[in-house]
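S.K.: Turn this into a model:
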Amino acid sequence: MNIPNRITISRILLIPVFIVLLAFDFEWGTLSIGEENLPLHHLAAAILFIIASTTDWIDGYYARKYNLVTNLGKFLDPLADKLLVSAGFILLVELNMAPAWVVILIISREFAVTGLRLVAAGEGTVLAASQLGKIKTWTQIIAISALLLHNFPFSYTGIPFDTFMLYVSALFTIISGLDYFVKNWHVMRDAKS
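M.R.: Alright, predicted model coming up:
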């Protein structure tokens with residue numbers, strides 16, 4: 001297994017640690033930011049989430065630079081992104097920090113695109129992530145990070161950057177999902193029944 005795929009797997013392995021940090025109240029104390037208090041375990045989860053998200057850029061850059069792009073990587077990389085982002089959004093709903101309908105919309109798109117990828121894989125085709133899909137992923141990562149950080153540093157200005165980014169990510173989720181299906185509809189049309 002090459003280094004980019006190992007980096008991708010490390011991202012997947014960080015997800016349970018991220019979940020534990022958010023799912024349990026460790027009562028490590030809080031930081032006062034603006035008019036809010038940021039629980040330190042949320043800060044730790046945000047840092048871990050940002051580190052795990054950064055590996056997405058690192059593995060892709062390394063794979064392209066050294067010509068190490070593989071079908072396994074094309075499959076694992078978007079899967080790792082979906083697992084990490086879905087865990088983040090679901091936990092934000094549990095913590096009452098994101099509306100469930102937005103998260104359902106986002107995760108439904110992820111399931112639909114994964115289903116399309118599975119159909120394509122059954123036909124011997126690997127569908128790589130599109131540019132819109134990458135923008136969607138990064139807007140989701142920024143939204144989750146901002147929400148986990150309780151809108152820091154924007155909490156000092158009163159600008160609801162975290163909420164704004166949540167809706168921007170939902171918009172890119174819809175647009176990229178539609179784009180993905182339009183560009184790859186032939187996979188569904190031509191699939192053997």
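S.K.: just checking, next helix/strand downstream of whichever helix or strand Ile12 is part of?
M.R.: Assignment of secondary structure by DSSP states H and E places Ile12 within helix 3-23. Downstream of helix 3-23, the first helix or strand assigned by DSSP H and E is strand 30-33.
S.K.: The next helix or strand after that following strand: partners in the sheet, and parallel or antiparallel?
M.R.: Counting by DSSP H and E, the next helix or strand C-terminal to strand 30-33 is strand 36-39. Sheet partners assigned to strand 36-39 using DSSP bridges are listed as strand 30-33 (antiparallel).
S.K.: List the buried residues of the strand it pairs with.
M.R.: Within strand 30-33, the residues that count as buried by 16 or more other C-beta atoms under 10 Å are Ile33. Backbone N, C-alpha and C define where each C-beta goes, glycine included.
S.K.: Would you mind pulling the contact partners of it?
M.R.: Here strand 30-33 makes contact (C-beta atoms under 8 Å, 6 or more residues apart in numbering) with 37-40, 43, 150-153, 155-156.
S.K.: quick one: it to chain centroid distance?
M.R.: Taking C-alpha atoms, centre = their mean, to the nearest Å, one finds the center of strand 30-33 at 26 Å from the center of the full chain.
S.K.: Over to stretch 152-165?
M.R.: 20 Å.
S.K.: Report the helix or strand with the lowest average pLDDT across the protein.
M.R.: The weakest-scoring helix or strand in the chain, judged by mean pLDDT, DSSP states H and E, is helix 185-190 (a mean of 81).
S.K.: Quickly find the element holding the spatially most central residue of the chain.
M.R.: With distances taken as C-alpha atoms, centre = their mean, the residue of the chain nearest its centroid is Val85 (3.0 Å). Per DSSP H and E, Val85 falls inside helix 71-94.
S.K.: List the buried residues of that helix.
M.R.: Of all the residues in helix 71-94, those buried under the rule 16+ other C-beta under 10 Å are 73-82, 84-93.
S.K.: Quick one: work out the angle between whichever helix or strand comes after it and helix 71-94.
M.R.: Downstream of helix 71-94, the next assigned helix or strand under DSSP H and E is helix 100-122. On the basis of axes from the mean of the first three to the mean of the last three C-alpha atoms, to 10 degrees, helix 100-122 is oriented at 160 degrees to helix 71-94.
S.K.: what does helix 100-122 rub up against?
M.R.: 75, 78-79, 82, 85-86, 89-90, 92-93, 126-127, 133, 140, 166-167, 169-170, 173-174, 176-177, 180-181, 184, 187-188, 191-192.
S.K.: Okay, now the unreliable bits of this protein?
M.R.: 192-193 (pLDDT under 70).
S.K.: Give me the neighbour count for Ile135.
M.R.: When neighbours are counted by other C-beta atoms under 10 Å, Ile135 registers 15.
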